[in-house]
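A.B. asks: predicted model and sequence below, questions to follow.
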Amino acid sequence: MVTVRFAPSPTGYLHIGGLRTALYNYLFARHNKGKFLLRIEDTDRTRYVEGAIEKLIEVLKWCNLEYDNIPIIQSQRLDIYKKYVDELLQKDFAYRCFCTSERLEEMRKNQIAKKQPPKYDRCCKDITKEESEKMAKEKTFTVRMKMPSEEIIFNDVIRGDVKFHGSLIDDQIILKTDGYPTYHLANVVDDHLMDVTHVIRGEEWLSSTPKHIILYKYFGWTPPVFAHLPLLLNSDKSKLSKRQGDVAVEDYRDKGYLQEALLNYIALLGWSTEDSQQIFTKENLIEKFSLERCGKSGAIFDIQKLIWMNGEYIRKLSIDELTNRAIPFIQKAGFDTSNFDFLKKCILLEQDKIKVLSDVPHLIDFFLKDDIIYDEKAMQKVIKKEGTSTTLSTSIADILKDIINVYSQIQNFSAQEIESETRKYTESKSLKTSQIFHPVRVAVSGRTEGPSLFHMLELLGKEKVLLRITKIIDTL
RNA sequence: GCCCCCAUGGACUAGCGGUUAGGUCACCACCCUUUCAAGGUGGUAGCGCCAGUUCAACUCUGGCUGGGGGCACCA
């Protein structure tokens, strides 16, 4: 059975690149009716972050990437790793290293200064077993794996055959002085113990794969199939990182990107179908995903396309669903959200315009509050007509006064009714519709852009409309 | 410095020897329209370079250039 895993380290947030890795693993598992497991790689105590695991799990849940196991936590399995390290020591595939980190650092500095590749000098490699046992009792030590001087070739599903030479690779530390294993050891041991069949991970791991291959060999285990995904990039083509924009999945969530849109967009960063389909349901992705159709080159994370796609998904949401999802954002902006039906009507009028959910409060705020803000430019351009004759300005006031009269007469203040009465008035005065529509719009909403005018007036209600127009006339 | 990976318009990509090099985002124009959007139609823009193989290279091979990743008691 196909078994894959997502193995993040809990650094405090889920990186968007990590999410892509998780997604591809998930899709691959579901497509093959296999298992998708979660493993937390927290073997670095110096990077321990309070609450990071919980946060990670919460974000994964928000993304709807459900895993099939109780998450494996590496820091709780120290005895297991120790057992395997001992096995390697016993078989002479590894050795204790008593060098201090100061010495190693010094050595590395010198090597770099001499333009040599930084590499351990194997100072402790030839200490006899007896000596090593003895020293282990009084000194702290790490354990290093022995890299054989041989050609290491492995097949990567995405990249084909990749070749390294063992002689160029360091004797990697597999067990630290604090008793914790390093990534390489823990990763290989756990993947084996969890029966992982396919390792799908980022390209940054490609060059340490030979170490893993050798570990599998030393243990006598069959290595999994490897697939190294191209990296996600900043706009300057460097590895996607903080500093150049948001990289945490929760940032996107908090800005109002839909989980469906984020995943859909991210799925397309490094994978595509032959017909270049853009919009996929999750089921669709599961059905069509394959590692063979993954690309090899890094992909720039382009927010523009994500924004477009998010809008696409928002437009497809039912109005109830959209309202529910927008409510937290409206609340955050300080508005009362108890009147669901009213909010629904407001949002419906703006649905086509919403790119991210955090747009919603601003788009509908003039429905929700009485002291609306009048956009200065809009006022100048539409109401005050700066630079043109005062007679025109007067006529706008007159028009608005007439409109008040017209609207006061309307019994059934519906969009249809308002429109027909407005048009009737326009004709009777031989005015252009724009001479009426624009000033009314600005008067009631404070801005030039907005929803369909008459639907907006209906929703606002006769009382507010008359009040707001009156208020504007007073300023003229 | 060493090792590895990669290379189609501004971005994501399709292509797997013969195509008017296709799609999506962005951009521009037009249409629709009371505004802004949305939607529709059309458009600008691309195979990094040099050899080789071949009747024929975006496609295969080699080199170059460019970009990226890795080289921790981090993952």
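C.D. replies: Good, I have the coordinates.
A.B. asks: so who does the residue most central in space within chain A touch?
C.D. replies: For chain A, A:V249 is the residue whose C-alpha lies nearest the centre (Cα atoms, centre = their mean; 3.3 Å). A:V249 is in contact with A:Y13, A:L14, A:H15, A:I16, A:G18, A:L19, A:V59, A:W62, A:C63, A:L262, counting by Cβ atoms under 8 Å, 6 or more residues apart in numbering. Quick note: C-beta positions are derived from backbone N, CA and C, even for glycine.
A.B. asks: quick check: phi and psi on the first one?
C.D. replies: According to degrees, to the nearest 10, the main-chain angles of A:Y13 amount to phi -160, psi 160.
A.B. asks: show me the contacts for it.
C.D. replies: A:A52, A:K55, A:V59, A:V247, A:A248, A:V249, A:E250.
A.B. asks: would you tell me which helix is longest in chain A?
C.D. replies: Longest helix of chain A, by residue count under DSSP state H: helix A:390-409.
A.B. asks: that older thread, report pLDDT for the residue nearest to the centre of chain A.
C.D. replies: A:V249 carries a pLDDT value of 97.
A.B. asks: and it, how close does it get to A:C63?
C.D. replies: Noted for A:V249: a distance of 7 Å to A:C63, by Cβ to Cβ, to the nearest Å.
A.B. asks: any shared contact partners between the two?
C.D. replies: Common contacts of A:V249 and A:C63 (Cβ under 8 Å, 6+ apart): A:L19, A:L262.
A.B. asks: any idea how chain A splits into domains?
C.D. replies: Listed domain ranges for chain A are A:3-70+A:183-232, A:78-175, A:317-368, A:376-475 (source: automatic domain parsing).
A.B. asks: contacts only, for the closest residue in space to the residue nearest to the centre of chain A that isn't next to it in sequence.
C.D. replies: Excluding the flanking residues, the one nearest A:V249 by Cβ to Cβ, 6 or more residues apart in numbering is A:L14, at 4.5 Å. Neighbour list for A:L14: A:P8, A:A22, A:K55, A:L56, A:V59, A:L60, A:A248, A:V249, A:E250 [criterion: Cβ under 8 Å, 6+ apart].
A.B. asks: could you say which helix or strand holds the fifth one?
C.D. replies: In this structure, A:V59 sits in helix A:52-62 according to DSSP states H and E.
A.B. asks: rounded mean pLDDT for that helix, please.
C.D. replies: pLDDT averaged over helix A:52-62 gives 97.
A.B. asks: one more: stretch A:256-271?
C.D. replies: 98.
A.B. asks: just confirm yes or no for it near RNA strand B.
C.D. replies: Yes. Judged by Cβ under 7 Å from any atom of the strand, stretch A:256-271 comes into contact with RNA strand B through A:L268, A:L269, A:G270.
A.B. asks: just these: which are in strands?
C.D. replies: Among the residues of stretch A:256-271 next to RNA strand B, none falls in strands (DSSP state E).
A.B. asks: let me have the domains of chain A in a markdown table, extended by distance to RNA strand B.
C.D. replies: What follows is these, written out as a markdown table (distance: least, Cβ to the nearest atom of the strand, whole Å):
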| stretch | distance to RNA strand B |
| --- | --- |
| domain A:3-70+A:183-232 | 3 |
| domain A:78-175 | 3 |
| domain A:317-368 | 4 |
| domain A:376-475 | 3 |
